[in-house]
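Chemist: Fold the stuff below for me.
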Amino acid sequence: MEQKKRRIAHFKAQQGSNQKPRLTLGPQPMPHGGSSSVVRPQRQFFNNNAGNNIRNQAPRPVAAPTQQQPAKREQGSKPVVCFNCGDPGHYADKCPKPRRVKVVPAQSNSTVPASKARVNHVAAAEAQDAPDVILGTFPVNSVPATVLFDSGATHSFLSMSFAGNHGMEVEDLRRPLMVSTPSDQALSLQRSPSVRIEIKGVPFLANLILLESKDLDVILGMDWLARHKGVIDCANRKVTLTSNDGRVVTVHALSSESLRSRLNQITLEEIPIVREYPDVFPDDLPGMPPKRDIEFRIDLVPGMTPIHKRPYRMAANELAEVKRQVDDLLQKGYIRPSSSPWGAPVIFVEKKDHTQRMCVDYRALNDVTIKNKYPLPRIDDLFDQLKGATVFSKIDLRSGYHQLRIKEEDIPKTAFTTRYGLFECTVMSFGLTNAPAVTSQIDSKIHSQNYA
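Modeler: Numbers count the residues shown, from 1 in each chain. Take a look at the predicted model:
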């Protein structure tokens, strides 16, 4: 015990001798009456641990554990939002609200302040039954166009699409024009000068400002109506105009109801030429078409083997319709029973009169068929050929594809499978890839012979 006490005392003595005097800050008197402070070093502590002197350092601050940010929850599919009105639940083409007119960004004359203009209608559907406007169709630069006489419009306008489709001359406006429409505002920067509008054989000229419009090609506003002394009679739905040479023109607005009442309904049998040539206008095709110089061919990619597919599953009423149409085609000779290694399923396509037409799904055959590159007529070229026409008629071929025979060695390739057996076509069928090109080729040949 005594030995232990001596050891502790020795340790304390040794510990005290190793410590340096501690200095603190304190005021000291100065000879000139001031005071100063003496800096005393802080006492350093040592820890004898396992025979090693380790300086005790201030504990380092423990960094707070970084919390892992929660992962972004994957959002589900966004709801459908209309680009026209901004409401969810439908697309812009199904929007019940009026169509918004896009604002055209100003690319020139941006430093010039824009003038203001107003238009009340930018769609024909809105203006059809409006009491203060007159809607009609007149030649604009010899192209039939939908023209609106609108006393509520401050300026006269031309549809951008109409000007672009028909290559009309355009030029920049001296000042941009901010046009207020029923649903939005649009900035117009260009115009089409000296546009010729023919109304009942009398030519009129107009400087038309380009504006995006849905189906109104030309809008004639107050600036043009005032220049030609236009008077709109809302009660009788007519507008009276005076040309530069003094001729007076009156335009009446005709609604769809009044047009129907003016038409004389006649039957096909009352037409003299139909009575004279009844075999040209039969109620139905009498049988197989005559043999022609052109026959429908099906040329395959080299090395192809026959393709056969099972028939599609159908409802009971569809099977009954297949049976009826197959029997009808067999009776006319358009199809015949087959033992061909080829086979395609049949499908139904709804016609304009809501009846069902049986077609064959020839997609597998079309993929291995060499395509006929005969050019098809362009729709815009056909419309250009109608320039200046005032009376229109339409001739529709009855089962036009069935009026051309298929080359005998290619008939087995047209085989199709049904619940009632395997059949093959003897005349051109709907669904074959080269059918439109061959039909157009025959039409061109017939017309060139008749109009040569």
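
Chemist: Distance-wise, check the residue lying closest to residue 203 once chain neighbours are set aside relative to residue 146.
Modeler: Spatial nearest neighbour of residue 203, chain neighbours left out: residue 196 (5.7 Å); criterion: CB to CB, 6 or more residues apart in numbering. No exception for glycine: its C-beta is placed from N, CA and C like everyone else's. Going from residue 196 to residue 146 by CB to CB, to the nearest Å gives 16 Å.

Chemist: Among these two, which residue is more densely surrounded?
Modeler: Ranked by neighbour count (other CB atoms under 10 Å), residue 196 and residue 146 place residue 146 first, with 19 against 12.

Chemist: With adjacent residues omitted, what lies nearest to the more buried one?
Modeler: Sequence neighbours aside, residue 217 is the residue nearest to residue 146 in space, at 4.8 Å (criterion: CB to CB, 6+ apart).

Chemist: Could you tell me the backbone phi and psi angles at that neighbour?
Modeler: Residue 217 adopts backbone torsions of phi -80, psi -40, taken as degrees, to the nearest 10.

Chemist: now the helices for the chain?
Modeler: Under the criterion DSSP state H, helices of the chain are mapped to 2-18, 124-127, 160-165, 222-227, 256-262, 272-276, 316-332, 363-367, 379-384, 435-450.

Chemist: Rounded mean pLDDT for the third one, please.
Modeler: So the one you mean is helix 160-165. Helix 160-165 comes out with an average pLDDT of 87.

Chemist: Begin at 16 from now on, thanks
Modeler: In the new count, where the first residue is 16, that last one comes out as helix 175-180.

Chemist: Contacts for that helix, please.
Modeler: Residues outside helix 175-180 that contact it (CB atoms under 8 Å, 6 or more residues apart in numbering) are 155, 160, 183, 185, 207, 225, 226, 227, 228, 232, 233, 395.

Chemist: Output that helix as PDB, restricted to C-alpha atoms.
Modeler: Provided in PDB are the C-alpha atoms of helix 175-180 (Å, rounded to 0.1, in the frame of the first residue of the first chain):
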ATOM      1  CA  MET A 175     -52.300  31.700 -96.200                       C
ATOM      2  CA  SER A 176     -52.900  28.100 -97.400                       C
ATOM      3  CA  PHE A 177     -54.800  29.300-100.500                       C
ATOM      4  CA  ALA A 178     -52.100  31.700-101.400                       C
ATOM      5  CA  GLY A 179     -49.400  29.100-100.900                       C
ATOM      6  CA  ASN A 180     -51.200  26.300-102.800                       C
END
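
Chemist: for it, which positions count as buried?
Modeler: Residues 175, 177, 178 are the ones in helix 175-180 that count as buried (16 or more other CB atoms under 10 Å).

Chemist: ok, these vs residue 255, which is closest?
Modeler: residue 177 (25.7 Å; CB to CB).

Chemist: For the most centrally placed residue in the chain, give its distance to residue 165.
Modeler: Centrality entry for the chain: nearest residue to the mean C-alpha point is residue 108, 8.5 Å, by CA atoms, centre = their mean. Counting by CB to CB, the gap from residue 108 to residue 165 is 26 Å.

Chemist: again, but for residue 429
Modeler: Distance, residue 429 to residue 165, by CB to CB: 57 Å.

Chemist: before we move on, what about residue 193?
Modeler: 18 Å.

Chemist: Comparing those two, which shows the higher neighbour count?
Modeler: A direct count of neighbours by other CB under 10 Å for residue 193 and residue 165 places residue 165 higher, at 27 against 17.

Chemist: just to revisit the earlier point, narrow the contacts of helix 175-180 to those in strands?
Modeler: Counting by DSSP state E, the part of the contacts of helix 175-180 found in strands is 155, 160, 207, 225, 226, 233.

Chemist: would you turn those residues into CSV with distance to residue 458?
Modeler: What follows is the ones in strands among the contacts of helix 175-180, written out as CSV (distance: CB to CB, whole Å):
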residue, distance to residue 458
155, 31
160, 29
207, 36
225, 38
226, 39
233, 34
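
Chemist: Quick one: the residues you listed as CSV, columns for neighbour count and pLDDT too.
Modeler: Formatted as CSV, those follow (neighbours: other CB atoms under 10 Å; pLDDT from 0 to 100):
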residue, neighbour count, pLDDT
155, 25, 91
160, 20, 88
207, 21, 90
225, 25, 90
226, 28, 88
233, 23, 90
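
Chemist: Between the residues you listed, which sits nearest residue 391?
Modeler: Lowest distance from residue 391 to these (CB to CB) belongs to residue 160, with 26.4 Å.

Chemist: what pairs with that closest one across the strands?
Modeler: Per DSSP bridges, the residues bridged to residue 160 are residue 153.

Chemist: got a pLDDT number for residue 91?
Modeler: Listed pLDDT for residue 91 reads 50.

Chemist: next one: residue 73
Modeler: Here, the pLDDT recorded for residue 73 equals 48.

Chemist: for residue 235, same thing?
Modeler: pLDDT for residue 235: 90.

Chemist: can you check the one 4 residues further on too?
Modeler: Taken from the predicted model, the pLDDT recorded for residue 239 is 91.

Chemist: In this structure it contacts residue 221, no?
Modeler: Yes - the criterion here is CB atoms under 8 Å, and residue 239 meets it with residue 221 at 5.3 Å.

Chemist: which neighbours do the two share?
Modeler: Common neighbours of residue 239 and residue 221 (CB under 8 Å, 6+ apart) are residue 171.
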